[in-house]
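# I'll drop the sequence and a predicted model, then ask my questions.
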Amino acid sequence: MDSERGFSLIEMLVVLAILGILLAIAGLGSEGVERQRMSGALREVFADLQRVRQDAITRTSTGTSRGAGIRFVSATSYITFEFNDTNGDYQYVAAEELAGSSRTRTLSRGFSFTLDGASPMGTVIIFDKLGMPREVDWDPLAVGGNLRLVIQSTRLAATKCIAIGQARIREGVLNGASCVAS
């Protein structure tokens, strides 16, 4: 008997359907991985902000220490430091970052910051010994005002944010112009 070997049309369609389902699941899986990476990046920056604030309240290396801060070097990196006000003028200059106290951090590839909708490059936030955020000229943040640090991905449309206010630092999800706690 002469039997032909091969696949029937129905068998081919079943195999293609299974492959399509597996590819769709893999695609959704990679988006989930990217969301997890974004959450991890947000938690890392959030933890650094909390640590800087806590260090400002509890740690003092010198008698002229005024607190601790964070300086954004670019849209993807920042430096945390202790503010050593050597001349006593309560005006931040980079030369007054206490030597040995700074720590540079860089976001994972594919993520970047904006601060209130603009590039954060050059922005400095200092927390005084009461844990209050201040500008470089020692003015406090506007009462009721929040700085909105947004972390975005080049691969996802989703964004996450951190609101830095007078009383607290909180993480959330960007909803229009507001950082809504998640």
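That came in fine, so what should we check first?
# quick check: closest non-adjacent residue to I164.
Distances taken as CB to CB, 6 or more residues apart in numbering put L147 closest to I164, at 4.3 Å, once the chain neighbours are dropped. For the C-beta atoms, the positions are set from N, CA and C on the backbone; glycine is no exception.
# angles on the backbone of the one you found, please.
Listed backbone geometry of L147 is phi -90, psi 140, with angles given as degrees, to the nearest 10.
# ok, so what distance separates it from G6?
From L147 across to G6, the span is 66 Å (CB to CB, to the nearest Å).
# so where's the protein shaky on pLDDT?
For the chain, the stretches with pLDDT under 70 are 1-4, 27-29, 142-145.
# ok, which stretches of it are helices?
Counting by DSSP state H, one finds helices in the chain at the ranges 9-58.
# tell me which of L147 and G6 has more neighbours.
L147 (18 against 6; other CB atoms under 10 Å).
# so what's R59 up against?
65, 68, 82 (CB atoms under 8 Å, 6 or more residues apart in numbering).
# look up how far F111 lies from it.
29 Å.
# coming back round to it: so which of the contacts of R59 belong to strands?
The strands, defined by DSSP state E, take in 65, 68, 82 from the contacts of R59.
# residues contacting the last one?
If you count contacts by CB under 8 Å, 6+ apart, E82 has them with 55, 59, 61, 65, 67-69, 97-98, 101-102.
# same question, the second one
Neighbour list for A68: 52-53, 55-56, 59, 80-83, 101, 126-127 [criterion: CB under 8 Å, 6+ apart].
# now which of those residues would you call buried?
Neighbour-count burial (16 or more other CB atoms under 10 Å) applied to the contacts of A68 gives 52-53, 55-56, 80-83, 101, 126-127.
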